[in-house]
Structure formats: C-alpha cells, structure tokens
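Asks: Quick one, structure for this:
(one chain, ligands or ions: 3)
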Amino acid sequence: MVRLSTPVLAALGLFADRAFGALEVNLDDPESIKKAAAQVAEDLLTFYHGDEPGMVPGILPGPPPDGDYYWWQGGAMWGTLLDYRHNTGDKQFDDLITTAMLHQAGDDQDYLPSNWSASMGNDDQAFWALSAMLATEIGYTDPPDDKPQWAALAQAVFNEQTSEDRRVPSGRCKWGLRWQVYSTNNGYDYINTIANACYFNIGARLARYFHNETYAELATKTWDLIDRLGYISDKWDVYDGAHLPDCTDLNKAQFSYNAAMLLQGAAFLYNYTDGAQIWKDRVDNLIDRMIEIFFPAPAHIAFEPSCEYQQCNSDMESFKGFTHRWMGTTMQVAPHTKEKILPILKQSTQGAVKQCTGGNNGRFCGFHWTSGVWDGDVGASQQMNVLGALVSLLAPDVPAPLTKKTGGTSKGNSNAGSNEAKLPTFAPITGGDKVGAGILTAVIIAGSLSAFAWMSLD
Ligand SMILES: *[C@@H]1O[C@H](CO)[C@@H](O)[C@H](O)[C@H]1NC(C)=O
Ligand SMILES: *[C@@H]1O[C@H](CO)[C@@H](O)[C@H](O)[C@H]1NC(C)=O
Ligand SMILES: *[C@@H]1O[C@H](CO)[C@@H](O)[C@H](O)[C@H]1NC(C)=O
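Replies: Ligands and ions are numbered 1, 2, ... in the order given. Prediction:
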C-alpha cells in the first residue's frame with residue numbers, strides 16, 4: 001500500500017483520529033492506560049493469523065525465512081496478552097488465547113511439538129510454560145477436564161528440563177541446562193543464561209504456587225550454578241552464557257530479558273521465603289544494576305545496549321516488553337521494590353508510546369524508544385514491547401499472583417511430562433520424511449516406558 005503523507009491526508013479531510021491517530025495516553029490515568037493498551041493489543045493481533053482458516057493456531061508467521069518469528073514468540077505473545085487481560089480486565093481475547101495455548105501444548109502436553117524440533121531450545125519450550133504458569137497465577141479460565149491444565153503444563157516442562165538428558169553430565173558446568181533440546185541442533189553445547197533462568201523462574205513460581213520446597217531447591221541450585229560460573233558478575237551484570245566443555249568463554253553481551261527473568265524468579269523466592277535477606281539482596285541488587293544498564297539516566301527509557309547501537313534481531317526486539325512485565329510482577333511479590341521500579345517504568349513507557357505514531361493506522365509502534373521519533377521498525381515484537389510497558393504500570397494495583405492457598409484453581413500434576421529418555425535425532429522434517437520420522441518417534445517413546453525419574457537426581 002502506498003502511504004500518503006499526513007499533510008496530504010489532512011488536506012483531503014481524511015485526518016480522522018481513529019484511522020490516523022498517534023497513540024494518545026495519559027500515564028497518570030489508569031483508564032487512559034487501559035484504552036491505549038487495548039489499541040496496542042488490537043494492532044499486535046494484526047500480525048497474528050493463526051485463527052484464520054488453514055493456519056496453525058498459536059504461532060506468529062515464521063520461522064525465518066517464511067516469516068519473522070520463531071515458535072517461542074507465539075508463547076511470549078499469549079503471555080503478554082494474559083498480563084494485559086489481568087491488568088486491564090479486558091477478556092475479549094480469551095478464546096484466541098486458550099485455543100492457541102492448548103493447540104501448541106502438543107500431543108504429549110508438554111510444549112514440545114515435533115513441528116518445531118529444528119529450532120527447539122529449552123528456553124523456547126519454557127516460554128510457553130511461563131505463559132501457562134502465568135495463566136495459573138492470574139486465575140485464568142481452566143481448560144475442560146479432558147484438556148491439559150495450566151499448572152500441569154508448567155510442571156511438565158519443568159520436569160522434563162530437570163531430567164539428565166537435557167543437562168551437562170560432568171565438568172565445570174555440570175548440571176547446566178543446555179540451550180538446545182536436541183543434540184543435532186547448533187547450540188547444544190551452549191549453556192546459556194536464558195535457558196537456565198527460565199528454569200529457575202518456573203521453579204521459583206511452582207514453589208510459591210504449590211508451597212513445595214522441592215521446586216525451590218532446584219531453582220536455588222540453578223541460581224548457585226550460574227552464579228558460580230560467573231554469568232552473574234560481582235557488579236550484578238548478567239551475561240549471556242558460555243560453551244562446553246568448561247563454560248569459560250563467557251559471552252558478555254547483556255540483554256535485558258536475562259536479568260529480568262532472574263529478577264522475577266528471585267522476587268518469587270523472596271516472597272516464598274517470607275522475605276529472606278539473601279533473596280532481598282539479590283532482588284535489590286539486580287534492580288539497581290538493571291536500571292543503570294537497561295534504563296540509562298537521565299531519560300530512563302528502556303534500551304538494549306548489546307544490540308541497539310547496531311541492529312537487534314527480531315528475538316532481541318522483543319526483550320523490552322518482557323523486562324517491563326517481569327519488573328511489574330516483581331512489584332507485586334516484592335512490594336518494597338515499587339518505589340524504585342515504578343517511576344522508572346513510567347519514564348520508559350513515556351518514551352515507548354512516542355514510538356507509536358506510524359504504520360497504516362498511524363499508531364503502530366517502532367523499536368528505538370530512546371529516539372522519540374517513529375523509526376518505521378514495526379512488528380509483533382514492537383507491539384508486544386509497548387503493550388508490556390503499558391500494562392506493567394498497572395501491575396501494583398491488581399491482585400498479586402495466586403497460590404493454591406489464595407484461590408488458585410488450576411490443577412497440577414507433579415508427574416507431568418513425557419518419558420522421553422533419549423530424543424530422536426532426525427533431520428528437520430520435510431513432507432516426504434514425515435511418516436518415517438513419526439514412526440521413529442513412536443519406537444523411541446515405546447522404548448522408554450520407565451517412570452520419569454527426575455526426583456532421583458542427586
Ligand atoms: C504441526 O504442523 C501441522 C501441519 O502444518 C499442523 O496441522 C499442526 O497443527 C501443527 N501442530 C502444531 C502443534 O503446531
Ligand atoms: C508476598 O506477596 C504478597 C502478595 O501476594 C504480599 O502481600 C507480601 O507482602 C509479599 N511478601 C513479602 C515478604 O514481601
Ligand atoms: C513436591 O513436588 C515434588 C516434585 O514434583 C513431589 O514429588 C512432591 O510430592 C511434592 N510434595 C508435596 C508435599 O506435595
């Protein structure tokens with residue numbers, strides 16, 4: 001479509017607020033924030049086609065080169081929309097969300113559908129689990145009994161990632177969670193922060209939700225491991241990861257979602273332990289450093305220093321929104337942090353909404369929030385970012401994440417997860433190979449009927 005410039009349209013008398021209006025919002029007024037968030041959510045869903053005939057529910061167009069997005073970003077989008085629903089009360093997307101999150105749970109009810117093996121990281125699987133965990137905590141409508149339940153889905157992923165075959169067997173980074181699930185994928189030897197931080201985060205939240213120490217121990221063990229490996233520096237910088245065999249080649253790139261994932265998990269453990277000093281210190285130190293690195297003074301607008309000076313890829317382009325949302329939850333479970341976090345998130349969001357002035361309806365959001373000028377860099381990630389920012393400001397005023405004891409209704413299953421002992425190592429599936437690969441999978445699953453033995457780890 002050829003875009004007419006605003007003056008031309010104004011001259012034609014076509015300058016209507018609805019069709020060509022930059023996003024208008026007063027961040028001091030919750031109703032105004034809700035209205036703006038609804039518009040950003042609506043624009044976000046223009047990138048989603050999974051509800052159209054013949055399309056696969058749950059996913060954004062991709063993976064590259066077929067579209068911009070990997071599988072995990074669908075999971076992240078439903079999480080963003082769940083936070084939106086909880087923080088604004090708008091339930092209009094419930095059918096979309098439920099259909100998507102149940103479809104992608106896959107045949108084994110563990111967010112590991114074989115369609116996506118070629119790019120399946122433990123972090124990818126975890127992002128869907130994080131959305132299931134969020135559904136659990138906000139009291140989102142439970143699926144019918146014959147469908148997988150939200151809490152059990154989160155447990156399934158956590159259990160599978162606890163199992164030995166996802167982890168490093170020996171050496172300096174023993175027990176580290178690998179980035180990739182399958183040994184045939186590049187990155188199987190990368191022991192990265194995000195995969196381990198997602199596992200830590202889910203464990204912390206399962207501990208709090210079920211009041212179960214086993215999860216807290218496994219989460220704590222993960223923190224201790226990546227801390228010992230130097231992924232969290234003395235200055236509370238959070239690095240991206242390192243490779244086998246020793247995990248000594250630290251990749252010191254800093255992305256906001258790594259730190260934010262750890263922060264949110266630490267805040268849940270702080271809450272679960274009734275305010276233990278060690279978790280309070282970790283929460284407070286992470287926040288201070290995150291503000292310095294990712295919300296630089298004086299403007300305090302979210303910025304990704306490790307890619308934004310050059311070019312962030314479409315994964316990296318989605319981190320600001322997660323960071324906002326997870327800092328939002330942090331204010332709920334560690335209320336003393338609100339004083340520090342909320343003013344920063346507000347300044348950042350003010351920068352964010354200034355990016356929402358372009359595209360075909362005049363209010364699509366760009367990516368470079370610090371620039372103050374629409375950059376034309378639009379997409380689902382950019383919409384999710386601004387949506388995450390807007391709803392994060394509402395977090396302190398809505399109910400905190402539920403637990404089993406405070407009204408959570410989602411049914412758990414501590415044995416959830418499939419028995420896959422060794423995963424099939426087939427090449428990415430092409431049409432003709434499909435039947436063969438399916439049979440291979442069936443043989444392997446049949447051969448591993450032994451009980452899933454994650455509890456006998458030590
Ligand atoms: C897997 O791919 C097939 C074929 O496109 C599709 O019908 C199915 O819904 C997909 N399943 C998942 C979980 O994405
Ligand atoms: C834990 O979270 C609840 C909200 O669920 C909050 O009221 C409570 O103060 C938190 N505990 C601590 C120690 O901050
Ligand atoms: C805690 O969780 C573990 C792991 O899922 C489970 O085996 C155990 O039975 C749970 N404990 C309680 C008291 O529910």
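
Asks: which intervals of the chain have sub-threshold pLDDT?
Replies: Low-confidence segments of the chain (pLDDT under 70): 1-20, 419-458.

Asks: Can you show me the strands along it?
Replies: 190-192, 241-243, 356-358, 364-365 (DSSP state E).

Asks: how far is the first one from where the chain is centred?
Replies: Spelled out, it's strand 190-192. Put simply, strand 190-192 sits 18 Å off its chain's centre (CA atoms, centre = their mean, to the nearest Å).

Asks: Pairing partners for it, with directions?
Replies: Strand 190-192 has the following sheet partners, assigned by DSSP bridges: strand 241-243 (antiparallel).

Asks: just to revisit the earlier point, most tightly surrounded among the strands of the chain?
Replies: Highest mean neighbour count of the strands of the chain: strand 364-365, a mean of 28 (counted as mean count of other CB atoms under 10 Å). C-betas here are computed from N, CA, C, even on glycine.

Asks: show me what contacts the nearest residue to Leu402 once chain neighbours are set aside?
Replies: The shortest distance from Leu402 to any residue other than its chain neighbours is 3.9 Å, reached at Gly408 (CB to CB, 6 or more residues apart in numbering). With contacts defined as CB atoms under 8 Å, 6 or more residues apart in numbering, Gly408 is in contact with Thr136, Glu137, Gly139, Ala151, Tyr209, Leu402.

Asks: Mind putting the residues you listed into CSV with distance to ligand 3?
Replies: Shown next, in CSV, are the contacts of Gly408 (distance: CB to the nearest ligand atom, whole Å):
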residue, distance to ligand 3
Thr136, 15
Glu137, 17
Gly139, 21
Ala151, 11
Tyr209, 11
Leu402, 17
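
Asks: quick one, helices of the stretch 1-150 of the chain?
Replies: Taking DSSP state H, counting those that start in this stretch, the helices of the stretch 1-150 of the chain run over residues 6-11, 30-44, 71-88, 94-103, 122-137, 150-162.

Asks: now swap in the stretch 151-300 of the chain and tell me
Replies: In the stretch 151-300 of the chain, the helices defined using DSSP H, counting those that start in this stretch lie at 193-210, 213-228, 256-272, 277-294.

Asks: can you list those in JSON lines and add mean neighbour count?
Replies: Formatted as JSON lines, the helices of the stretch 151-300 of the chain follow (neighbours: other CB atoms under 10 Å):
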{"stretch": "helix 193-210", "mean neighbour count": "27"}
{"stretch": "helix 213-228", "mean neighbour count": "18"}
{"stretch": "helix 256-272", "mean neighbour count": "27"}
{"stretch": "helix 277-294", "mean neighbour count": "18"}
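
Asks: Any chance of a markdown table for these, columns distance to ligand 1?
Replies: A markdown table is the format used below for these (distance: least, CB to the nearest ligand atom, whole Å):
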| stretch | distance to ligand 1 |
| --- | --- |
| helix 193-210 | 20 |
| helix 213-228 | 27 |
| helix 256-272 | 24 |
| helix 277-294 | 33 |
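
Asks: thinking again about what came up before, take the strands of the chain and write them to TSV, including distance to Gly74.
Replies: Below are those laid out as TSV (distance: least, CB to CB, whole Å):
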stretch	distance to Gly74
strand 190-192	21
strand 241-243	24
strand 356-358	22
strand 364-365	19
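
Asks: Minimum distance to ligand 1: which of these has it?
Replies: strand 190-192 (24.7 Å; CB to the nearest ligand atom).

Asks: re earlier: figure out which of the strands of the chain is closest to ligand 2.
Replies: Nearest of the strands of the chain (CB to the nearest ligand atom): strand 190-192, 29.7 Å.

Asks: contacts for the closest one?
Replies: 123, 168, 173, 176-180, 229, 240-244, 247.

Asks: between these, which has the most around it?
Replies: Within the contacts of strand 190-192, most neighbours by other CB atoms under 10 Å means Leu177, with 27 neighbours.

Asks: So what's the residue count around the residue of the stretch 251-400 of the chain found nearest ligand 1?
Replies: Closest approach between the stretch 251-400 of the chain and ligand 1, counting by CB to the nearest ligand atom: Ala380, at 17.3 Å. By other CB under 10 Å, the residues close to Ala380 number 27.

Asks: Report the separation between it and ligand 3.
Replies: 34 Å (CB to the nearest ligand atom, to the nearest Å).

Asks: Gly358 too?
Replies: To ligand 3, Gly358 is 48 Å away according to CB to the nearest ligand atom.

Asks: from what I can see that residue touches Val373, true?
Replies: No - here Gly358 does not reach Val373: they are 9.8 Å apart, not a contact under CB atoms under 8 Å.

Asks: Leaving out sequence neighbours, find the closest residue to the closest residue to ligand 2 within the stretch 51-200 of the chain.
Replies: Among the residues of the stretch 51-200 of the chain, Glu137 lies closest to ligand 2, at 9.8 Å counting by CB to the nearest ligand atom. The shortest distance from Glu137 to any non-neighbouring residue, by CB to CB, 6+ apart, is to Pro401 (3.6 Å).
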